[in-house]
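Q: The sequence and its predicted three-dimensional model are supplied below.
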Number of protein chains: 2
Amino acid sequence: MRVTLDSTFGDFNYRGTNERGQTVHFSGSKQAVSAMETVLMACAACSAYDIESILKKMRQPFTKIKVTVDGKRADDIPAVFTEITLHYIIYGDVDQSKAKKAVDMSINQYCSVSQMIAKTAEIKYTYEIISE
Amino acid sequence: MRVTLDSTFGDFNYRGTNERGQTVHFSGSKQAVSAMETVLMACAACSAYDIESILKKMRQPFTKIKVTVDGKRADDIPAVFTEITLHYIIYGDVDQSKAKKAVDMSINQYCSVSQMIAKTAEIKYTYEIISE
């Protein structure tokens, strides 16, 4: 897997590009997402893919997934994440035990991003189901 | 630091949003960047901010920075990164030893993202200066 990063404009602004030419703009000066915010988003996305995939295999009728992620960072440099709290909201008439299993499997077995972050941060997670 | 993630369209597509409303689109089906690609980009961006900041403090006349990042992942699940190779290209009439110091300081001391990834992956890095 290869990506590239290039300076764009002004101070601390960069564009990341993957092998398909798809891009993300990063900013260390609040003009786009920050690198650390993007790691939290990637953790949520990686895990959401798993949960979506597992719930589909379980034939659970969900319509969408929402995740909120709070990250606490070390006071000293390097300011790595020390605690991450994920809250999953699964919309649809989904069985409670199956939702729990999908979330547990993602965080504890499948999700590459959370497994990397878990080396420096305590990972906490909760979930809720909103019936539709 | 808080971010949210929401389902967008079709299978495995999500939008991450930070507290300023800035967004990144993620896809597990190749319609946007993947979560793991974004972690590599975030590693490069986090480090590029450091290098830019350090070179400015050193009053080095660089014009732009480019980074290529190659990531190898574990064969088994969770497919965390096991090796990352960063190559920095610094454009400008920059002193070789100062460029080296900036890159070394970023990877070994400052960059939060690379410090987290370094818990599962060997981090290798090289740099070159292209005079302008």
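A: That came through, no problem. Numbering: from 1, shown residues only, chains lettered A, B, ... in the order given.

Q: For chain A, which helix extends over the most residues?
A: helix A:35-57 (DSSP state H).

Q: hmm, that helix in reach of chain B?
A: Yes: remark: helix A:35-57 sits within contact range of chain B at A:35-46, A:48-49, A:52-53, by Cβ under 8 Å from any Cβ of the partner chain. From N, CA and C alone the C-beta is placed, and that goes for glycine too.

Q: which one of the residues you listed is nearest B:Ile89?
A: A:Ala35 (18.8 Å; Cβ to Cβ).

Q: Looking at stretch A:18-32 now, give me its mean pLDDT.
A: Stretch A:18-32 carries an average pLDDT of 97.

Q: what about it, start to end distance?
A: From its first residue to its last, stretch A:18-32 covers 18 Å (Cα to Cα, to the nearest Å).

Q: dump the residue contacts of the residue most central in space within chain A.
A: The centre of chain A sits closest to A:Ala44, judged by Cα atoms, centre = their mean, with a distance of 1.8 Å. Residues near A:Ala44 by Cβ atoms under 8 Å, 6 or more residues apart in numbering or on different chains: A:Val67, A:Val69, A:Leu86, B:Val3, B:Thr4, B:Leu5, B:Tyr14, B:Gly16.

Q: just curious, which of those residues is nearest to B:Lys57?
A: B:Val3 (30.0 Å).

Q: and the closest one, what are its bridge partners?
A: A:Val69 (DSSP bridges).

Q: My guess is it contacts A:Phe81. True?
A: No: at 12.0 Å, B:Val3 does not count as touching A:Phe81 under the criterion of Cβ atoms under 8 Å.

Q: Among those two, which residue is more densely surrounded?
A: B:Val3 (27 against 24; other Cβ atoms under 10 Å in any protein chain shown).

Q: who touches the more buried one in this structure?
A: A:Glu37, A:Leu40, A:Met41, A:Ala44, A:Thr68, A:Val69, A:Gly71, B:Gly16, B:Thr17, B:Asn18, B:Glu19.

Q: Kindly report the same for A:Ala32.
A: So A:Ala32 contacts A:Asn13, A:His25, A:Phe26, B:Gln22 (Cβ under 8 Å, 6+ apart).

Q: could you flag which of those residues are buried?
A: A:Asn13, A:His25, A:Phe26, B:Gln22 (16 or more other Cβ atoms under 10 Å in any protein chain shown).

Q: list the contacts for A:Ile89?
A: If you count contacts by Cβ under 8 Å, 6+ apart, then A:Ile89 has A:Ile65, A:Lys66, A:Val67, A:Thr68, A:Tyr127, A:Glu128, A:Ile129, A:Ile130 around it.

Q: which of these are close to chain B?
A: Answer for the contacts of A:Ile89 near chain B (Cβ under 8 Å from any Cβ): A:Ile65, A:Lys66, A:Val67, A:Thr68.

Q: where's the third one, which helix or strand?
A: Assessed by DSSP states H and E, A:Val67 sits inside strand A:62-73.

Q: Show me what that strand is packed against.
A: helix A:35-57, strand A:81-92, strand B:2-7 (3 or more Cβ pairs under 8 Å, 6 or more residues apart in numbering or on different chains; DSSP states H and E).

Q: quick one: which of the ones you listed is nearest A:Val113?
A: Closest among these, using Cβ to Cβ: helix A:35-57, at 4.1 Å.

Q: Next, the buried residues of that closest one.
A: A:35-55.

Q: got it, and stretch A:10-22?
A: Those would be A:Phe12, A:Asn13, A:Tyr14, A:Arg15, A:Gly16, A:Thr17, A:Asn18, A:Gln22, for stretch A:10-22 by 16+ other Cβ under 10 Å.
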